[in-house]
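**Q** Need coordinates for the following:
(chains A and B)
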Number of protein chains: 2
Amino acid sequence: MVPHLITALNSPINELEARILESMPAIERWFRLEWMEHTPPFYTSVDVRNAGFKLAPVDTNLFPNAFNNLTPEMLPLAVQAAMAAIEKICPEAKNLLLVPEKNNRSSFYLMNVQRLMRIFNQAGLNVRLGALDEDITAPTRLALPDGAELVLEPLKRTRGRLGLKDFDPCTILLNTDLASGVPPVLEHLHEQYLLPPLHAGWTARRKSNHFKSYEEVAKKFAKLLGMDPWLINPMVGHCGEVDVNDPAGLDCVRGHVEALLTKIRRKHKEYGINEKPFVVVKADQGRGMGIMTVRDVKELDDASFGARCRQGVPPGQPKVTEVIVQEGVPTYERVNDAVAEPVVYMIDRYVVGGFYRVHAERGIDETLSGPGTSYVPLAFAESHHLPRPGEKPGASAPNRFYMYGVIGRLAMLAASYELEATDPDAEVYD
Amino acid sequence: MVPHLITALNSPINELEARILESMPAIERWFRLEWMEHTPPFYTSVDVRNAGFKLAPVDTNLFPNAFNNLTPEMLPLAVQAAMAAIEKICPEAKNLLLVPEKNNRSSFYLMNVQRLMRIFNQAGLNVRLGALDEDITAPTRLALPDGAELVLEPLKRTRGRLGLKDFDPCTILLNTDLASGVPPVLEHLHEQYLLPPLHAGWTARRKSNHFKSYEEVAKKFAKLLGMDPWLINPMVGHCGEVDVNDPAGLDCVRGHVEALLTKIRRKHKEYGINEKPFVVVKADQGRGMGIMTVRDVKELDDASFGARCRQGVPPGQPKVTEVIVQEGVPTYERVNDAVAEPVVYMIDRYVVGGFYRVHAERGIDETLSGPGTSYVPLAFAESHHLPRPGEKPGASAPNRFYMYGVIGRLAMLAASYELEATDPDAEVYD
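**A** So this is what the prediction gives:
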């Protein structure tokens, strides 16, 4: 299925697409040089929003959990990328221990786990599943919709290593974002590769750090292409601890909302964009509060705002959270009549596929994911990341996907900067 | 298009296929470890023959010239593999100089060149074509069947470097096998990467060296899988210089033919194979004489044999050549009624695609390629190298292609051993 792109054909993003296409060899070389200095995350998925006048990543997931949405045609690419990744990390590896999300028995998620097992098996590893779930005390079979099954096994921790019964892996691959904390069983594993590292989990990670790194990456990239970084960079403000019960506690948020709306208005004027600016207020950590769209600072005085801020904070815990305020990027991609948001999947430094997150009931300025959100995945066409030079900007799905792949890789590179900057084991040379 | 495989479903090769599939992670790991010690050729294509009872490479080409036969679906894999290759060799490279075959204006060949340019362009390089042809003294446009065009430019040699006007490449990629000698313009390029190296060209290369290395690789691999290496290794005898004008000059060939036919007969008996053994006599170098199928040593006394040996030796040159005698591997693959031979394409250490060389008018024991031979390429299905465990051996095209990819990679690994052993610049530690 190739989605029908309804982004206006003459929107400014088509100029960006044309520039990205004509700069392709320079862009690929630039990434190559960046990867000489920085290590890409093991795997990454990036939600991208195309506003027609602006194209930006809005979420960078270091524990991608929808590999099942990629088409079978993309699997060879994923396997090849996995081979390259393993070769760098642990070339002698025989065994890979995959640790999926705790207590997630959704059949979609289990198919993602099955797909990951297949990718790494075909890349040359024996793959088994280790459960963080306390109730898994013996190998447990889980049925899949296609008739196959997964076997979850209890983890077996020895002094410095983690494994399963008769299974000692070289590498442990986490497919859980650790939003509810780091289980002790995963700590101090200095003899094995734990990927992604613990500080990539939402216990430690902060969106503000990511978008700070992304801004740096976007500026470098914009310099290479001779363009305004704003075209690919969502502006962000960051508040430390906010007490959402205290009306004065929101002062910092209010300040950022006001400042950002003004900046966006100025940018819209500069580019002749006839859009009502909006910002998005979200928790700096992965979870902890709902995501809110704000068009006017007065909305913050609304009683429901505080209530929505408190939503998601576990009962009994202080209603205090870190908050970021981010420039809202509407999505003007449509698949038929539904609002669509492209998601780019990467393994190591390679784009291996992607899909559209499509939601018929959401608006262009709302999040299309999050708990309780359903969506229809629409896989990118096969040769998604091979541009076709010479085709009219905005008219070619492969060219559009190539551009999304570039933006996805910029966000991945930002994650690489971010993980370096936040590495608790990094040696500091001051 | 997925070819209809008519190899008998219960032939011994299906046992090999089953064993290769069940050993997949071990096989992939084994290759990973080999590539830690050995450098794969830059690109390789391997002709494979499936006799049902035996599966073996019969030709390993280090200057593959039919990339145009791969399906567009395979391009992303080729681009990703090219990225990995460049990253290792010359990560800072901006420019790649591609040197195609001299005087080859066949539209099939030009489409191969176009495809190669596209692959390396999308991997992040500016690619231009440098001509070995003496008559190219200014940029020359060559029309392609799809309406596009190629520009051949005169080479520009400075003291230590080769380039074009205003084009200084980091890497020079040869797509010519140098069968008619090494042009002086390519010699002593110590400041740039010349790939494949000159000693990979047919001026220096010998099939006997390649198959000696292949035998070593096949033995190692067979040990890993606990099987008889003969199942994947064509036996070879080698004669030094043979004077094809002198009846006594063929004594060495006669001896090898007789010895090989006896060995093959013994193997056929061991496996209960009801086939008439044959051997193939060919020049040790890439060209120089025709390829002959011999079923009985008496055929060598036939006057036409000497004549066929002399065929291809340039007039005026001594009718002396080096010869190998190789166990004949019939091909029992069929596409409809035509004899078919799979060809596996690789870039760096990755299988990127393949096709069937199909020839309706040739026999199962004849070569399907060579000058003057026409063939129909039949591209492998998209997910050619991703096996599907659990499917019946011999019944699944992806599983069959995976097995071909393994054999292709064994031959590529042999080429890597061969190039190391024959490297004139290698340091010798004795």
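
**Q** the bottom helix or strand of chain A by mean pLDDT?
**A** strand A:376-379 (a mean of 61; mean pLDDT, DSSP states H and E).

**Q** so what's A:Asp251 up against?
**A** Not one residue lies near A:Asp251 by CB atoms under 8 Å, 6 or more residues apart in numbering or on different chains. For the C-beta atoms, the positions are set from N, CA and C on the backbone; glycine is no exception.

**Q** how close does it sit to chain B?
**A** 48 Å (CB to the nearest CB, to the nearest Å).

**Q** Surely that residue is within a helix?
**A** Yes. With the criterion set as DSSP: H, G, I helix; E, B strand; the rest coil, the secondary structure at A:Asp251 is a helix.

**Q** Make sure A:His268 is actually in contact with A:Glu275.
**A** Yes. A:His268 is within contact range of A:Glu275, at 6.0 Å (criterion: CB atoms under 8 Å).

**Q** so what's the closest residue to A:Phe221 other than its chain neighbours up against?
**A** In this structure, A:Phe221 finds its nearest non-sequential neighbour in A:Leu410, 5.8 Å apart by CB to CB, 6 or more residues apart in numbering or on different chains. Contacts for A:Leu410 (CB under 8 Å, 6+ apart) come out as A:57, A:214, A:217-218, A:221, A:232.

**Q** Now flag whichever of the residues you listed is closest to B:Asp47.
**A** A:Phe221 (44.2 Å; CB to CB).

**Q** How much space separates that closest one from chain B?
**A** 14 Å.

**Q** One more: A:Met292?
**A** Distance, A:Met292 to chain B, by CB to the nearest CB: 39 Å.

**Q** backbone phi and psi for the closest residue to chain B within the stretch 201-350 of chain A, please?
**A** Nearest residue of the stretch 201-350 of chain A to chain B: A:Tyr350, at 5.5 Å (CB to the nearest CB). The phi/psi pair for A:Tyr350 (degrees, to the nearest 10) reads phi -110, psi 140.

**Q** my read: it touches A:Met83, true?
**A** No. Using CB under 8 Å, A:Tyr350 is not in contact with A:Met83, being 10.5 Å away.

**Q** Return the nearest residue of the stretch 101-250 of chain A with respect to chain B.
**A** Counting by CB to the nearest CB, the stretch 101-250 of chain A gets nearest chain B through A:Gly124, at 2.4 Å.

**Q** Helix, strand, or coil at the residue nearest to that residue when sequence neighbours are not counted?
**A** Sequence neighbours aside, B:Glu28 is the residue nearest to A:Gly124 in space, at 2.4 Å (criterion: CB to CB, 6+ apart). Counting by three-state DSSP, the backbone at B:Glu28 sits in helix.

**Q** and B:Glu28, what does it touch?
**A** By CB under 8 Å, 6+ apart, the neighbours of B:Glu28 are A:83, A:122-125.

**Q** Which pLDDT value belongs to it?
**A** We have a pLDDT of 95 for B:Glu28.

**Q** low-scoring stretches of the stretch 1-150 of chain A, by residue?
**A** A:1-12 (pLDDT under 70).

**Q** whoops, the stretch 301-430 of chain A was the one
**A** A:302-320, A:334-337, A:359-395, A:427-430.

**Q** where along it do the helices fall?
**A** For the stretch 301-430 of chain A, the helices defined by DSSP state H, counting those that start in this stretch occupy A:303-310, A:397-421.

**Q** Determine which stretch of the ones you listed is the most buried.
**A** helix A:397-421 (a mean of 24; mean count of other CB atoms under 10 Å in any protein chain shown).

**Q** Relative to the whole chain's centre, how far out is it?
**A** 10 Å (CA atoms, centre = their mean, to the nearest Å).

**Q** what helix or strand does A:Arg266 sit in?
**A** According to DSSP states H and E, A:Arg266 maps onto helix A:251-271.

**Q** Ramachandran angles for the residue lying closest to A:Lys267 once chain neighbours are set aside?
**A** Spatial nearest neighbour of A:Lys267, chain neighbours left out: A:Trp230 (5.7 Å); criterion: CB to CB, 6+ apart. Main-chain dihedrals, A:Trp230, degrees, to the nearest 10: phi -60, psi -30.
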